[in-house]
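>>> any chance you can model this:
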Amino acid sequence: MNERDRAIIKSIKEKVIDLIITDIRMPEMNGYQLTKKMKEERPMVGIIIMTAYTSIYTEGDIRKIGADDYISKPFELINIIEKIERVLFQMKSLKPMK
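Sure, this is the predicted structure:
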């Protein structure tokens, strides 16, 4: 992991967030690496991975690393909104009551 990747992880860890939407392919750290690291550090953060490479990355592969959902590109806005709502509801249901 390079300095930029560490800075991204640090920034995410310091903020209060409920959901990360990431691409599977990025210049340095990829979506798999980000998802794995975030689920280790903050398991209650929902993660949706986007990919244009559905023939390479299967839903099973993506879920195996801890992503809560994925969406194939290109996608319609309504589809990503539905996935966001579903993952946020799912993550809220898993959080302990105060």
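>>> same question for the helix or strand of the chain with the lowest mean pLDDT: list its buried residues.
When each helix and strand of the chain is scored by mean pLDDT, DSSP states H and E, helix 59-64 comes last, with a mean of 78. For helix 59-64, a neighbour-count test (16 or more other C-beta atoms under 10 Å) marks I62 as buried. Using the backbone N, CA and C atoms, a C-beta is placed for each residue, glycine as well.
>>> same for that helix, what does it pack against?
Under the contact criterion of 3 or more C-beta pairs under 8 Å, 6 or more residues apart in numbering; DSSP states H and E, helix 59-64 touches strand 69-72.
>>> quick one: mean pLDDT over whichever helix or strand comes after the strand it packs on.
Next helix or strand after strand 69-72 toward the C-terminus (DSSP states H and E): helix 77-94. Helix 77-94 carries an average pLDDT of 92.
>>> and stretch 5-21, by the same measure?
In the prediction, stretch 5-21 has an average pLDDT of 84.
>>> element containing M26, please.
Per DSSP H and E, there is no helix or strand for M26.
>>> swap in the one 3 residues further on?
In this structure, M29 is located outside every helix and strand according to DSSP H and E.
>>> just give the nearest non-adjacent residue to it, would you?
Distances taken as C-beta to C-beta, 6 or more residues apart in numbering place D5 nearest to M29, at 4.1 Å, with adjacent residues excluded.
>>> contacts for stretch 69-83, please.
The contact list for stretch 69-83 (C-beta atoms under 8 Å, 6 or more residues apart in numbering) reads 21, 46-52, 54, 57, 59, 62-63, 86-87.
>>> from start to finish, how long is that stretch in a straight line?
For stretch 69-83, the first-to-last residue distance is 7 Å (C-alpha to C-alpha, to the nearest Å).
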